[in-house]
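>>> attaching a predicted model along with its sequence, questions to come.
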Amino acid sequence: MHGYVIEMLECAACHGSLVWQIDEADGDRIETADATCGDCRMSYPVREGIGVFLLSDFSRDDLWAQMEGWLPKYLREHPDVERLLMESPLDTLDPADQRFRANVLEERGQLDEALAVRAEATPVYTAEQLTASEDQTEYVLRFLEASEGPVVDLASGGGALVEEIARSLDRPVIATDFSPTILRRARIRLQHLGLYDRVSLLAFDARQTPLRNSSVQTMTSNQGLPNIREPGPLLTELRRVVSGHFAAMTIFYDEEDQSNAAAIRELQVTDLLYRDRAVAAFRTAGWEVEILNSRSALARPTPRSQLLGVGIDGLPVVETTLDYCVLLATSAASEL
């Protein structure tokens, strides 16, 4: 993380001021440090350039590490499957297995090979979905051109939107996620692409962030909302730290789509996957809300791996039409 981020941070547990011990820095980038709250004594490490602000009363289990850890283990235990996955001609693999091959190559540090596989792989999403997603990215980038200061990206995952912001705009970006594991992968990828100089990395739970009141002028997210259960506390917390705008690329299901409704209820993600409910949830948390740049797109269930027997996405479970859009939430104190 870069040094300027320190001014935006406080204790995630009690909001007290942090005392910093910086042990290793590379120019303005802090590589190794420890931050301790002067009030509650909670300690937060910075390791490999990633600030980790996860609280002891939240689970520190890294779900990305758990999900990714099973694959190398499975391949070690099933060398015949590994051989088929990694050595078969790419066009003989189903789209899900092509994607898993790229993931394995990336985990092994073979980034050029991983990028080549992704470029040649058969898409797992429909052409309409890909076009709609690209359109939302371009819309957010145009929106960001009118603002200044660091962009905080929420639930960055592998960092697709972070990459586009760092590549297209001359401004710093803070990539955040609950998982230090996925942020380490993002760091390696960003370094490989020559974009890391513009990006800082923070791991925290968005329900209780280490960000100071009104410290974020602009926040973004790329499909981070659809996976959130019981969003009230999270949206209230984000309202505390965002003084300007939160531009969230997201999708909505039709309320009349009964074929996927049961799966959505089972996953307990109804609040932010339906337009009216999402708008109501944001307004309850004190935001002004607009739904912008809506694009309809045909969506089909993503394929399952023939070799590994696992899927990519849990939704949709049957073909449907999704609304791709940007949910723009604005602090009541800011001006559009």
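All right, it came through fine.
>>> pLDDT below threshold where in the chain?
For the chain, the stretches with pLDDT under 70 are 56-69, 333-336.
>>> burial count for the closest residue to Leu190 other than its chain neighbours?
In space, and not counting its chain neighbours, Leu190 is closest to Tyr196: 4.1 Å by C-beta to C-beta, 6 or more residues apart in numbering. Bear in mind the C-beta positions are built from the backbone N, C-alpha and C, glycine included. For Tyr196, the count of nearby residues is 18 (other C-beta atoms under 10 Å).
>>> got the buried residues for stretch 21-34?
Across stretch 21-34, burial judged by 16 or more other C-beta atoms under 10 Å covers Arg29, Ile30, Ala33.
>>> ok, now stretch 242-260?
Of all the residues in stretch 242-260, those buried under the rule 16+ other C-beta under 10 Å are 242-253, 260.
>>> just the buried residues of stretch 21-34 now: which is nearest Gln21?
Distance to Gln21 across those (C-beta to C-beta) is lowest for Ala33, with 6.1 Å.
>>> please report phi then psi for that closest one.
Per-residue torsions, Ala33: phi -160, psi 170 (degrees, to the nearest 10).
>>> could you do Ile174 as well?
When read as degrees, to the nearest 10, the backbone of Ile174 gives phi -110, psi 110.
>>> now Glu256
The phi/psi pair for Glu256 (degrees, to the nearest 10) is phi -90, psi 0.
>>> strands along the chain, start to end?
Counting by DSSP state E, the chain has strands at residues 18-26, 29-37, 43-47, 50-52, 151-154, 173-177, 199-203, 216-222, 242-252, 287-299, 320-331.
>>> what's in contact with the first one?
So that's strand 18-26. Residues outside strand 18-26 that contact it (C-beta atoms under 8 Å, 6 or more residues apart in numbering) are 3, 6, 9-11, 30-38, 44.
>>> over to the fifth one?
With contact meaning C-beta under 8 Å, 6+ apart, strand 151-154 is reached by 144, 159, 161-162, 165, 169, 171-176, 206, 211, 216, 218-222, 224, 238, 246, 248.
>>> now the buried members of those.
144, 159, 161-162, 165, 171-176, 206, 211, 216, 218-222, 224, 238, 246, 248.
>>> now the strands of the chain as CSV including distance to Ala278?
Output for the strands of the chain, formatted as CSV (distance: least, C-beta to C-beta, whole Å):
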stretch, distance to Ala278
strand 18-26, 34
strand 29-37, 34
strand 43-47, 32
strand 50-52, 30
strand 151-154, 15
strand 173-177, 21
strand 199-203, 25
strand 216-222, 13
strand 242-252, 7
strand 287-299, 8
strand 320-331, 7
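>>> among the ones you listed, which is nearest Asp112?
Across the strands of the chain, the minimum distance to Asp112, taken as C-beta to C-beta, is reached by strand 199-203, at 20.2 Å.
>>> ranges for the helices of this structure?
Using DSSP state H, the helices of the chain run over residues 63-77, 79-87, 95-107, 111-120, 127-144, 160-168, 180-193, 232-241, 258-267, 270-273, 275-284.
>>> can I get these in CSV including distance to Val318?
Formatted as CSV, the helices of the chain follow (distance: least, C-beta to C-beta, whole Å):
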stretch, distance to Val318
helix 63-77, 24
helix 79-87, 28
helix 95-107, 18
helix 111-120, 27
helix 127-144, 15
helix 160-168, 26
helix 180-193, 29
helix 232-241, 29
helix 258-267, 4
helix 270-273, 15
helix 275-284, 20
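>>> wait, which of these is closest to Asp323?
helix 275-284 (6.8 Å).
>>> run the chain-centre distance for that closest one.
Remark: helix 275-284 is offset 21 Å from the chain centroid, using C-alpha atoms, centre = their mean, to the nearest Å.
>>> stretch 245-260 now?
The mean C-alpha position of stretch 245-260 is separated from the chain mean by 17 Å, C-alpha atoms, centre = their mean.
>>> same question for stretch 106-115.
Distance, centroid of stretch 106-115 to centroid of chain: 20 Å (C-alpha atoms, centre = their mean).
>>> buried ones in that stretch?
Judged by neighbour count using 16+ other C-beta under 10 Å, the buried positions of stretch 106-115 are Glu106, Ala114, Leu115.
>>> where's Val124 relative to Ile264, distance?
Shown here: Val124 relative to Ile264, a distance of 20 Å by C-beta to C-beta, to the nearest Å.
>>> mind putting the buried residues of stretch 106-115 in CSV, distance to Leu273 included?
Formatted as CSV, the buried residues of stretch 106-115 follow (distance: C-beta to C-beta, whole Å):
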residue, distance to Leu273
Glu106, 29
Ala114, 31
Leu115, 31
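>>> find the nearest non-adjacent residue to Met249, please.
In space, Met249 is closest to Gln136, 4.4 Å off (C-beta to C-beta, 6+ apart).
>>> what sits against the one you found?
Met249, Asn293, Arg295, Tyr324, Cys325, Val326.
>>> ok, the first one touching Glu138?
No. Using C-beta atoms under 8 Å, Met249 and Glu138 do not qualify as a contacting pair, with a distance of 10.6 Å.
>>> shouldn't Gly314 be in contact with Ala263?
Yes. Using C-beta under 8 Å, Gly314 makes contact with Ala263 at a distance of 6.9 Å.
>>> got the phi and psi for the one residue sitting closest to the centre of the chain?
Against the mean C-alpha coordinate of the chain, by C-alpha atoms, centre = their mean, the closest residue is Ser156 at 2.3 Å. Main-chain dihedrals, Ser156, degrees, to the nearest 10: phi -70, psi -30.
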